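J.: structure of the sequence below:
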Amino acid sequence: MEYVTAVPHPRSEAAARSGRRSLAVALLCGAAGAAVALLASRQRWAEGTASVAGGAFPLTARGSDITGVPAALAVVGLAALVAVFAVRRSGRVLVAALLALSGAGTVAAALNGASDAGALDEKAAQASGDTAATAASLSHTGWPYVAVVGGVLLLLAGLLALRYGRSWPAMSGRYERSGAPRPRAAKPLDPDRPEDLWKALDRGEDPTGTGPA
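T.: Model prediction:
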């Protein structure tokens, strides 16, 4: 008798390898992008001075002072990256789209904040006591563009999830929506094993199967 061994199709093997690579790249890009965007939002984005009685008063503005959008979208993107593995089919597509949009929004907000002077003008007004005062000697750092890089990484992770997400694994079906594991079916009792009978009696079960213990 001859035995025939099934040989995996080359295309299926290539698709599996591509799916694993895209999964690894998406996880790396998503996690790194969120971390970079959050870090950049806490750094100094703009500098300037305000005219006060004692002379020029130095002013600084962090990314979070100028706009809170990159940090907020980085958190949303990170949550979407995790949620990709908790949903299937159309739900996965929607979450992947949210991840991509989070990255695109981070890029847009960071670029818009790279030349923003509103936060420094508000600080200049507070420092001088003049509501019409504006910041002088205004300059910007490179941190907004670091946030842009984080947004690009989030966007790339979202695009990878949209393209290859259907082939990625999902959470085990043992878990209910509440997060609790489904109870496993009880093993059949072996009448030749007394310890099984005693365990059944301890659980309040009838090992004979005729009724409650």
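J.: for the rest of this, base every contact and every neighbour count on C-alpha atoms.
T.: Noted.
J.: residues in contact with L156?
T.: Contact analysis of L156 by CA atoms under 8 Å, 6 or more residues apart in numbering lists 26, 29-30, 100, 103.
J.: of these, which belong to helices?
T.: Using DSSP state H, 26, 29-30, 100, 103 are the members of the contacts of L156 that sit in helices.
J.: between those, which is nearest A46?
T.: G103 (22.6 Å; CA to CA).
J.: contacting residues for the closest one?
T.: 73-74, 77, 150-156, 158.
J.: got the contact list for T141?
T.: T141 neighbours (CA under 8 Å, 6+ apart): 44-47.
J.: quick one: it and L94, what's the gap?
T.: Going from T141 to L94 by CA to CA, to the nearest Å gives 35 Å.
J.: kindly indicate which of the contacts of G103 lies nearest A37.
T.: For the contacts of G103, the nearest to A37 is G150 (4.8 Å; CA to CA).
J.: you'd agree the closest one is in a helix?
T.: Yes: assessed with DSSP: H, G, I helix; E, B strand; the rest coil, G150 lies in a helix.
J.: kindly provide the distance from the spatially most central residue of the chain to A117.
T.: Nearest to the mean C-alpha position of the chain, by CA atoms, centre = their mean, lies L78 at 1.3 Å. Applying CA to CA, the value for L78 to A117 is 29 Å.
J.: just among the contacts of G103, which is most surrounded?
T.: Greatest neighbour count in the contacts of G103, by other CA atoms under 10 Å, goes to L154: 37 neighbours.
J.: A161 against A96, yeah?
T.: Yes: between A161 and A96 there is a contact under CA atoms under 8 Å: 5.4 Å.
J.: and the chain, what are its domains?
T.: 16-168, 187-213 (automatic domain parsing).
J.: weakest of the ones you listed by average pLDDT?
T.: Of all those, the minimum mean pLDDT falls on domain 187-213 (a mean of 57).
J.: and of the contacts of G103, the nearest to G55?
T.: Closest approach between these and G55, by CA to CA: G150, at 38.5 Å.
J.: can you name the residues that contact the closest one?
T.: Residues near G150 by CA under 8 Å, 6+ apart: 32-37, 103, 106-107.
J.: recalculate using a threshold of 10 Å.
T.: Shown in contact with G150 (CA atoms under 10 Å, 6 or more residues apart in numbering): 29-40, 70, 74, 103, 106-107, 110, 144, 156.
J.: before we move on, back to that, just put the contacts of L156 in JSON lines and tack on distance to D121.
T.: JSON lines is the format used below for the contacts of L156 (distance: CA to CA, whole Å):
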{"residue": "A26", "distance to D121": "40"}
{"residue": "C29", "distance to D121": "36"}
{"residue": "G30", "distance to D121": "34"}
{"residue": "A100", "distance to D121": "33"}
{"residue": "G103", "distance to D121": "29"}
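J.: just the buried ones out of the contacts of G150, please.
T.: 29-40, 70, 74, 103, 106-107, 110, 144, 156 (16 or more other CA atoms under 10 Å).
J.: what about the strands in the protein?
T.: Remark: strands assigned in the chain by DSSP state E are 44-52, 55-62, 136-140.
J.: give me whichever of these is most buried.
T.: strand 44-52 (a mean of 21; mean count of other CA atoms under 10 Å).
J.: and L99, how many neighbours?
T.: 32.
J.: quick revisit: comparing the domains of the chain, which comes out most buried?
T.: Buried most deeply of these, by mean count of other CA under 10 Å, is domain 16-168, with a mean of 20.
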